[in-house]
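[1] My questions are about this predicted structure, shown below with the sequence.
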Amino acid sequence: GAPSPHRAPGSMARNTSTIALWLGLAGVAALGYAAYRNSQLVRRGALSVRNATAVFADPARGHVVLTNESKLQRGDVLATFEEEGHLDACYALQLRAQRAGTEREIERQEAEADLRALQKRIHVNAPSHGQVLWRTPNPTATQPGAPVLLFASDPIVRATFVVPKGEAAVLERQNTITIGVAQDADLVDSWLEATFANAATPGPEDEEIAVELHCSVGDEHLRLLAAGRPVLVTWTPPGRTHAPTAFAIGALLVLAALVMSVTRRPQ
């Protein structure tokens with residue numbers, strides 16, 4: 001009889017590889033779409049401290065000595081720069097003002113003005129009642145221009161987000177809110193615990209409103225805030241990541257099938 005038609009093994013392998021290639025491309029597209037959709041759901045905000053005062057290392061002013069107190073009153077010394085000769089100069093100006101007395105008023109006023117200017121150069125004073133939020137453990141080893149202390153009249157670290165009105169209600173109902181710290185775009189490298197603080201009152205035409213959370217932060221985040229660097233945070237509404245996750249898993253399975261199909265060789 002007539003010979004039965006059949007395909008060459010090489011042709012079948014090529015067809016299988018082509019199908020696997022198209023499946024892999026579809027998987028890559030699905031993975032990219034899932035990442036895009038997930039990024040659209042992520043809410044982005046920033047950490048902040050109100051009425052903050054930072055002290056920076058300044059070799060030109062001498063070695064810095066930080067206060068050991070945590071809670072301070074207005075005018076208390078936050079830090080002292082100990083340059084050689086500072087104390088001697090202060091003492092000399094004080095003595096000059098005392099000797100001038102009331103008889104040489106102009107000389108006394110000049111000496112006191114010079115003393116205030118020198119003290120301002122030596123000391124960093126608290127501008128208000130407040131609390132030391134962070135101090136470097138080793139100020140003598142700090143690089144020039146780097147922060148050594150962060151003081152604020154309001155010690156609460158806040159995360160502020162702008163979210164749709166419905167999500168503000170979701171945040172308010174949560175006892176504890178987990179937010180991510182993203183130092184590089186959306187790449188989360190650590191997590192913080194936060195609590196709902198307040199939300200702006202929306203107007204009739206407002207679709208989004210500002211929400212404020214109170215956060216528990218670590219020294220590394222306070223150091224960044226002291227340096228004036230923005231600390232970006234992210235929050236994803238609960239229940240919004242299941243579909244993108246399933247999409248991503250499916251794409252990875254397709255990619256795995258692609259690798260297996262392409263690397264297998266007919267015996």
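    It's in.
[2] Now do the strands in this structure.
    For the chain, applying DSSP state E gives strands covering 43-49, 52-56, 63-66, 71-72, 77-82, 123-125, 130-135, 147-152, 157-164, 177-184, 187-199, 208-216, 232-235.
[3] From the contact counts, what lies against the last one?
    Same thing as strand 232-235. strand 43-49, strand 157-164, strand 177-184 (3 or more Cβ pairs under 8 Å, 6 or more residues apart in numbering; DSSP states H and E). Glycine gets a C-beta too; all of them are placed from N, C-alpha and C.
[4] can you rerun that using 10 Å?
    strand 43-49, strand 157-164, helix 165-173, strand 177-184, strand 187-199, strand 208-216 (3 or more Cβ pairs under 10 Å, 6 or more residues apart in numbering; DSSP states H and E).
[5] tell me the most buried of the strands of the chain?
    strand 147-152 (a mean of 24; mean count of other Cβ atoms under 10 Å).
[6] so where is the stretch 151-267 of the chain shaky, pLDDT-wise?
    Within the stretch 151-267 of the chain, the stretches with pLDDT under 70 are 184-186, 239-267.
[7] and if we set it to 50?
    Applying pLDDT under 50 to the stretch 151-267 of the chain picks out residues 241-242, 244, 267.
[8] follow-up on the earlier one: I'd like to know which of the helices and strands packed on strand 232-235 is closest to V148.
    Of all the helices and strands packed on strand 232-235, it is strand 43-49 that lies closest to V148, at 16.0 Å by Cβ to Cβ.
[9] what's the neighbour count on E220?
    Using other Cβ atoms under 10 Å, E220 has 13 neighbouring residues.
[10] Grab the nearest non-local neighbour of V77.
    H123 (5.0 Å; Cβ to Cβ, 6 or more residues apart in numbering).
[11] before we move on, back to that, could you dump the strands of the chain to TSV with distance to L171?
    Below are the strands of the chain laid out as TSV (distance: least, Cβ to Cβ, whole Å):
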stretch	distance to L171
strand 43-49	9
strand 52-56	25
strand 63-66	37
strand 71-72	31
strand 77-82	35
strand 123-125	37
strand 130-135	24
strand 147-152	24
strand 157-164	7
strand 177-184	6
strand 187-199	5
strand 208-216	6
strand 232-235	8
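[12] Please identify which of those strands is closest to L222.
    Nearest to L222, of these and by Cβ to Cβ, is strand 130-135 at 3.7 Å.
[13] just to revisit the earlier point, want to try a markdown table for the helices and strands packed on strand 232-235, with distance to P59 as columns?
    Formatted as a markdown table, these follow (distance: least, Cβ to Cβ, whole Å):
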| stretch | distance to P59 |
| --- | --- |
| strand 43-49 | 26 |
| strand 157-164 | 30 |
| helix 165-173 | 45 |
| strand 177-184 | 28 |
| strand 187-199 | 31 |
| strand 208-216 | 34 |
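[14] right, and the ones you listed - which one's nearest P147?
    Nearest of the helices and strands packed on strand 232-235 to P147, taken as Cβ to Cβ: strand 43-49 at 12.3 Å.
[15] What is that closest one packed up against?
    Applying 3+ Cβ pairs under 10 Å, 6+ apart, we find strand 43-49 packed against strand 147-152, strand 157-164, strand 177-184, strand 208-216, helix 219-226, strand 232-235.
[16] and that strand with strand 130-135, angle?
    110 degrees (axes from the mean of the first three to the mean of the last three Cα atoms, to 10 degrees).
[17] what lines up beside strand 43-49 in the sheet?
    strand 157-164 (antiparallel), strand 232-235 (antiparallel) (DSSP bridges).
[18] just the CA coordinates of the longest one, formatted as CSV?
    What it means is strand 157-164. Only the C-alpha atoms of strand 157-164 are listed here, as CSV (Å, rounded to 0.1, in the frame of the first residue of the first chain):
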residue,chain,number,x,y,z
VAL,A,157,6.8,61.3,61.6
ARG,A,158,4.1,61.5,59.0
ALA,A,159,3.4,59.8,55.7
THR,A,160,1.1,61.7,53.3
PHE,A,161,-0.7,60.1,50.4
VAL,A,162,-3.2,61.4,47.9
VAL,A,163,-5.8,58.6,47.3
PRO,A,164,-9.3,58.2,45.8
